[in-house]
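Chemist: Here you go, sequence then predicted model.
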Amino acid sequence: MIVPQAHAREPLLTFGEALWDITAEDRKPGGAPANVALHLAALGVEVRLLTRVGDDPPGRELTAWLAGNRIDVNYIQLDRELPTGRVHVDASDPLNVNYEIAAPAAWDRIDAAAFLGTAGKPPGTVVFGSLAARQQASRASLLTLLESAELRVFDANLRPPFDGRDIIERLLGHSDWVKLNEQELGRICGWVGIAEDEPATAGARLRAHYGLEALCITLGARGALLIDADGLHRQPGFEVPVIDTIGCGDAFLAAWLAAALRGAGARDALQNACAAGALVATQAGASGAVSPEAIEALISNAG
């Protein structure tokens, strides 16, 4: 995959939810954009997180935790009315985790104008998901930022009931690089009449339908596919002991971006991404960052 120089600018901006993942045992910091930012920072990428938390103890605790993990908290907005986000996570089946997402939450009112006033200029690269577009305020802010971004990276991350076709297709229309899991691929293909069962064939048709530069499809333990202007790239999965799959996709996305934006070829970027996702599966929860050394070690040992 060739990355135009204009696309390779840092810092990246991750946009959307930062929240608490609440399980039967404990709670951990979470939210896909926050997780991606954490992994990018651990991989040495300059990144900003644009989110919003409540003016409440959970919000202050979350902000402090993010600051302690190398995240620039200057772009974390404070809401005096809505609470800090939370998600109740059922990981009783570690391969099929279920999420109950509280609404409304502070991250439903992210303010693009306030961000631009602080940052001084629009971001070159925006990494985003669909969940932060569930309410009008944050959706409008996201679309504002995407209009001027040079590279727009969409991790669909569909979470019912906030996964309607209209908004997902609108976001796909504002995307350059997209990451989907196999279930999301099948669902979106069904919307547009693509009936192929083979992910590579379906993905190629979906990429063409939306005019995407690159489409990455994660296949769980079977690895991942990347379809871009150079064709199809495959990477098998890494065999690891799985505790749960919370946050695996976020680590995958961060490692793919970190490698691709720094000039790695498609095969190497995809290999790094699969290794990062596998490493997160060996730990409980989503908030443990993966180091470059751990990724290199897993790849080396598997070879």
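Modeler: Thanks, I have the structure now.
Chemist: Could you pull up the residues touching V53?
Modeler: The contact partners of V53, taken as C-beta atoms under 8 Å, 6 or more residues apart in numbering, are 18, 59-60, 62-63, 76-79, 84-85, 106-107. The way it works is simple: take the backbone N, C-alpha and C, and place the C-beta from them, glycine included.
Chemist: can you tell me which helix or strand it belongs to?
Modeler: Assigned by DSSP states H and E, V53 falls within strand 47-54.
Chemist: avg pLDDT for that strand?
Modeler: Summarised as a single mean, pLDDT over strand 47-54 is 97.
Chemist: what does the helix or strand just after it rub up against?
Modeler: Downstream of strand 47-54, the next assigned helix or strand under DSSP H and E is helix 57-67. Taking C-beta under 8 Å, 6+ apart as the criterion, the residues outside helix 57-67 that touch it are 18-20, 29, 34, 38, 49, 53, 73, 76, 78, 83-84, 86, 106.
Chemist: Helix 57-67 versus strand 47-54: what angle between them?
Modeler: Calculated by axes from the mean of the first three to the mean of the last three C-alpha atoms, to 10 degrees, helix 57-67 forms an angle of 170 degrees with strand 47-54.
Chemist: Buried ones in helix 57-67, by neighbour count?
Modeler: Of the residues in helix 57-67, those buried by neighbour count under the rule 16 or more other C-beta atoms under 10 Å are P58, G59, L62, T63, W65, L66.
Chemist: Generate JSON lines for these, with distance to I168 as supplementary columns.
Modeler: Output for these, formatted as JSON lines (distance: C-beta to C-beta, whole Å):
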{"residue": "P58", "distance to I168": "29"}
{"residue": "G59", "distance to I168": "28"}
{"residue": "L62", "distance to I168": "27"}
{"residue": "T63", "distance to I168": "30"}
{"residue": "W65", "distance to I168": "30"}
{"residue": "L66", "distance to I168": "28"}
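Chemist: Tell me where this structure is predicted with low confidence.
Modeler: For the chain, the stretches flagged by pLDDT under 70 are 1-9, 285-287.
Chemist: residue ranges of the helices in it, please?
Modeler: Along the chain, the stretches classed as helices by DSSP state H are 32-42, 57-67, 112-119, 136-148, 165-172, 182-191, 199-210, 248-260, 266-281, 292-302.
Chemist: Quick check: of the contacts of V53, which lies closest to A276?
Modeler: Each of these was scored against A276 by C-beta to C-beta, and A18 proved nearest at 20.0 Å.
Chemist: Would you check how far apart the closest one and V192 are?
Modeler: Per C-beta to C-beta, to the nearest Å, A18 is found 32 Å from V192.
Chemist: Name the residue in the two with the higher neighbour count.
Modeler: For A18 versus V192, the count of surrounding residues by other C-beta atoms under 10 Å is larger for A18: 32 against 13.
Chemist: Could you verify my assumption that that one touches V36?
Modeler: No - here A18 lies out of contact with V36, judged by C-beta atoms under 8 Å, at a distance of 10.8 Å.
Chemist: if we can go back for a sec, if we take the buried residues of helix 57-67, which one ends up nearest to T282?
Modeler: Distances from T282 to those, taken by C-beta to C-beta, are shortest for W65, at 21.6 Å.
Chemist: now the closest one: how far from I167?
Modeler: In terms of C-beta to C-beta, W65 sits 30 Å off from I167.
Chemist: what do you get for Q271?
Modeler: Q271 sits at a distance of 33 Å from I167 (criterion: C-beta to C-beta).
Chemist: Give me the more crowded residue out of those two.
Modeler: For the pair Q271 and I167, the greater number of neighbours falls to Q271 (26 against 14), based on other C-beta under 10 Å.
Chemist: Spit out the contact partners of the more buried one.
Modeler: Q235, I299.
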